Structures are given as C-alpha cells and as structure tokens.
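Visitor: no letters, just coordinates:
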C-alpha cells in the first residue's frame, strides 16, 4: 500500500482562540497533528495540506453560509492571516496544498488527479472537523476505493459526542479509525 | 423554488425482513414514503427513484464490501427480485430511476445533469439510511448549492441514536430536517 497524509483545515480562522470560525476543541490536536506530519516527512509519505478559502465576494461559499459571511465578519479569505495554515504546521517544500470550496477534499479539486498520478492507494486523514470535512473526505475516499484511515487523536469535532457518533458511522463504511500510535506501528 | 423528490434505496434487499442487506427500522417508513411519493405525483413534483445495484462479479461494489459480497450471498444484483424497488413504491411512467454505485446519489451518476436540465434548485430527500446514503446525498446536495431538505418521518437509520446524531450534523451544514406535515404545508 502507498499512503498519503491529508491534513484538513488546520487554519488560523478555524483554530485560534476567538477566531471567526473557531472550532472548539480543535486547538488541542495541534501537537498530535504535528507529530503525525513529522513522522510522514521522515518516512517520505506524501503530505497534502487541504485548506478552505472563500472569495471576498462570497461567490464560492456554501449557500447556507453566504448571507452570514457577507453581513458579518468574513473569514478564510485568501491573502488574510486567518486563511493561513497555523504556524506549527506550515507546509514544507514539495508538500501539496489543495484548496477546497466545499466539505470534501475531493469535491471540485485536483486531489484525485494527483493521487492517481503518484499512485496512492491508502488515504490517511487528520484535522478538523469530524462531522463536516473529515466525514465528507473519508466518505469520498471510500467511494473512490482508497483504503481509508482517520487518525483519531489527530482529528477533532466540537465535542466528544460528535466525535464518537461520527467515528461509529465512519467505521460502518469501512474507515479505519485508529490512534497515531496504532497506525504508526503498522507503517 | 423548484423541488424534486429523491427516494433513496427503497429496495427489497434493504427492506424486506430477513433480506441480505436488511436495514432494521427501514420497513416502518414505507407508509410515510408512499404518502410523500403520492403527494409529489399530485403536485407534479419530479420524482427520482435512486437505487443501488452491484454487478454479479463485484466489479462495482465498494472495496470494503467486496470480499463479503463474493464469498457470501450476493445482494442487489440487477435482474434479481432483491434489487427491485419494493412493490408499494414502484416507479410510475415519467419518473426517473438513478442507479448509484456508491453512497451519494450524485457520485458517478447522471443525477446532477438532469437536475440542471430541468432547473431544480430544491432537493427533498427520503429513504434509507441516515448515516450512509442519506447523509452522503444531502452533503453533495448542499455542496452543489441546492436547497436541501430531509423528510425525517420518511427516512430511517438502524436505530434512534443514529438518526438523532445524523440529523444534528445535517442541520449544522444547512440541511432542513422536517416532518412530511411540516414540509407539505410550505409547498
């Protein structure tokens, strides 16, 4: 199997305390994501930093979020500090950056093209947040026939109940949900 | 708004007691789905019967299900009674049948092309089951910018907790989750 790591939405506007799209509980996974990232770098496992951006005019934001985005504080706008990946996880040279307009890293992005080109068959997912971008990305990964793993201690949802219910549903569609320690032993 | 109804996976192999892919709790929603279907027929709301089929050789089944499918009893094979839509909900002339190879009704199907052609902007979803095909279809529907509604009393999961947690997550991405009575009042 040839794995690739997908780090999802670890950006300032989602992570920093008081940020406009803050996901409570997200900041706590930063050390675990960092450990996973450095492990993959050492093993030469390809790394994809998957991020969310919204154009300032709201033309590419989800419909249900559009009004709030335009009327209140905007977030994740390209070129602003909020849209940047948090400093602890800055991409290294040669790592891929994928900008996604929706929940899934596969939806209207070039991810699948690159994965195919570099012959990846095993997707390893971490980041935020369980019910939305993690779930959607894992679902598409299974649909595209990739072996799919979520690293549970490097992935977050807004609270424990949301994490538990999403892990249950993900395991039921064949997604392996394991800790970094469990996963790293078998690589 | 121009709505269309998507009835998901109401097939014998998922519904009938003792069927090889039986979803517990699915049979109980049949009367509600039937009421919704007849309501849409009366109002000339386009109806899409979205179904799952797997080729006998397993070439189009999800990877994680493939071994079990080939080694044990096959299910949802085209041409078999199990793959048929349950008798109470047989498609009428002029209604669309969409065969989907994965969870989402949008994934590798012609659904989006037809919706665009007939200018639908409002997707109404019912059927089975909450964490898989309902969730995936609603997620893609939101991603494609459709107004999206799940009719809760015409949709099922394996148990109450699965239904409740998925409704919570769906509402958080802008999906309206309402009963048939609530929905039908506003149409």
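Guide: Structure's in. What do you need? Predicted model, so just to flag it, every value in this text is computed and none were measured.

Visitor: can you list contacts of the lowest-mean-pLDDT helix or strand in chain A?
Guide: Using mean pLDDT, DSSP states H and E, the weakest-scoring helix or strand in chain A turns out to be helix A:63-71, at a mean of 95. For helix A:63-71, contacts defined as CB atoms under 8 Å, 6 or more residues apart in numbering or on different chains pick out A:54, A:58, A:61, A:75, B:142, B:145, B:147, B:173, B:174. For glycine as for every other residue, the C-beta is placed from the backbone atoms N, C-alpha and C.

Visitor: also stretch A:102-122?
Guide: A:1-4, A:6, A:8, A:46, A:48, A:50, A:62, A:96, A:98-101, A:123, A:132-133, A:135-137, A:139-141, A:144, A:146-149, B:139-140, B:142-143, B:173.

Visitor: of those residues, keep whichever come out buried.
Guide: Among those, those classed as buried by 16 or more other CB atoms under 10 Å in any protein chain shown are A:3-4, A:6, A:8, A:46, A:48, A:50, A:62, A:96, A:98-101, A:123, A:132-133, A:135-137, A:139-141, A:144, A:146-149, B:139-140, B:142-143, B:173.

Visitor: mind checking which of the contacts of helix A:63-71 land in helices?
Guide: Those of the contacts of helix A:63-71 mapping onto helices are residue B:142, per DSSP state H.

Visitor: filter the contacts of stretch A:102-122 down to just the ones in helices.
Guide: A:135, A:136, A:137, A:139, A:140, A:141, B:139, B:140, B:142, B:143.

Visitor: with adjacent residues omitted, what lies nearest to the last one?
Guide: What that stands for is residue B:143. Of all residues not flanking residue B:143 in the chain, residue A:102 sits nearest, at 4.1 Å (CB to CB, 6 or more residues apart in numbering or on different chains).

Visitor: may I have the phi/psi pair for the one you found?
Guide: For residue A:102, the backbone dihedrals (degrees, to the nearest 10) come out as phi -130, psi -160.

Visitor: tell me how many other residues crowd the nearest residue to residue A:81 once chain neighbours are set aside.
Guide: Nearest residue to residue A:81 in three dimensions, chain neighbours excluded: residue A:12, at 5.9 Å (CB to CB, 6+ apart). Residue A:12 has 20 neighbours, counted by other CB atoms under 10 Å in any protein chain shown.

Visitor: then residue A:44?
Guide: There are 8 residues near residue A:44, going by other CB under 10 Å.

Visitor: where's it relative to residue A:184, distance?
Guide: Per CB to CB, to the nearest Å, residue A:44 is found 15 Å from residue A:184.

Visitor: quick one, longest strand in chain A?
Guide: Of all the segments of type strand in chain A, defined by DSSP state E, the longest one is strand A:147-156.

Visitor: now the strands: where do they sit in chain A?
Guide: Under DSSP E, chain A gives strands at A:3-8, A:47-52, A:96-100, A:122-128, A:147-156, A:176-178.

Visitor: and residue B:86, which of the ones you listed is closest to it?
Guide: Distance to residue B:86, taken as CB to CB, is lowest for strand A:147-156 among those, at 31.5 Å.

Visitor: what does chain A put close to chain B?
Guide: By CB under 8 Å from any CB of the partner chain, the residues of chain A that approach chain B are A:62-65, A:102-104, A:107, A:131-132, A:135-136, A:139-140, A:142-143, A:145, A:147, A:161-162, A:165-166, A:168-169, A:172-174.

Visitor: now with 7 Å?
Guide: Contact residues, chain A versus chain B (CB under 7 Å from any CB of the partner chain): A:62-64, A:102-103, A:107, A:131-132, A:136, A:139, A:142-143, A:145, A:165, A:169, A:172-174.

Visitor: mind putting the strands of chain A into CSV with mean pLDDT?
Guide: Output for the strands of chain A, formatted as CSV (pLDDT from 0 to 100):
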stretch, mean pLDDT
strand A:3-8, 98
strand A:47-52, 98
strand A:96-100, 97
strand A:122-128, 98
strand A:147-156, 98
strand A:176-178, 98
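
Visitor: any idea which of these gets closest to residue A:81?
Guide: Here strand A:47-52 is closest among the strands of chain A (CB to CB), at 13.3 Å.
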